[in-house]
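> my questions are about this predicted structure, shown below with the sequence.
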Amino acid sequence: MITINKLTDLGRFGIFPLTGERDNLMYRMLCDVSQRGKALLREVYLMDANDDAWNSSTRGEKHVASVMLPYDAWTHIAPIGLLDTCHTVFAVDNRTVFGMQDVEGIRVDNSGEAYEYCARCEGEPYYPWPSSYGKVVKFYAESQHPHIGTLNTHAMTGR
């Protein structure tokens with residue numbers, strides 16, 4: 001399971017917050033982005049990050065641009081970023097986002113309640129989503145049509 005609950009957790013997607021660099025309102029933080037981060041921001045916000053990068057690289061990943069992101073931006077960015085490597089993504093009421101990877105089983109019943117798979121459990125192999133993680137408020141699953149991406153495609157025009 002991958003957990004994202006703060007802006008600095010977005011480094012795994014190529015978005016690197018710069019410590020001490022924020023706007024006058026303390027609402028947004030300056031972030032450098034790699035090519036991967038730039039592509040993810042384009043997908044999430046339909047925007048292009050074109051300003052020069054503040055720093056050159058992080059952990060060997062070259063920075064290509066800088067953007068100012070609100071401190072809660074991870075709640076929008078993480079679900080789409082996690083769906084690249086996770087089959088199911090959960091957002092919970094404490095503003096944490098969880099991504100379930102292939103090795104983890106998860107199912108959601110008709111009421112929207114989440115259940116996690118337990119190979120060692122006797123009887124029913126699924127047990128309720130632990131309440132200590134928070135109440136699931138939204139879940140996202142892999143697209144049935146991965147070639148389309150996250151944006152809707154107009155059926156008549158293909159745009």
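All right, it came through fine.
> quick check: longest strand of the chain.
strand 61-70 (DSSP state E).
> and residue 76, how far is that from residue 51?
Taking C-beta to C-beta, to the nearest Å as the measure, residue 76 falls 20 Å from residue 51. Any C-beta I mention is one placed from the backbone N, CA and C, and that applies to glycine too.
> can you check residue 140 too?
Counting by C-beta to C-beta, the gap from residue 140 to residue 51 is 30 Å.
> higher neighbour count, the two?
residue 140 (18 against 12; other C-beta atoms under 10 Å).
> please enumerate the helices of the chain.
35-45, 74-82 (DSSP state H).
> out of these, which is the most enclosed?
Comparing those by mean neighbour count (mean count of other C-beta atoms under 10 Å), helix 74-82 ranks first with a mean of 22.
> just checking, what packs against it?
With contacts defined as 3 or more C-beta pairs under 8 Å, 6 or more residues apart in numbering; DSSP states H and E, helix 74-82 has these neighbours: strand 2-4, helix 35-45, strand 88-92, strand 97-100.
> list the contacts for the closest residue to residue 72 other than its chain neighbours?
Once flanking residues are discounted, residue 72 sits nearest to residue 95: 6.9 Å by C-beta to C-beta, 6 or more residues apart in numbering. Residues near residue 95 by C-beta atoms under 8 Å, 6 or more residues apart in numbering: 5, 72, 75.
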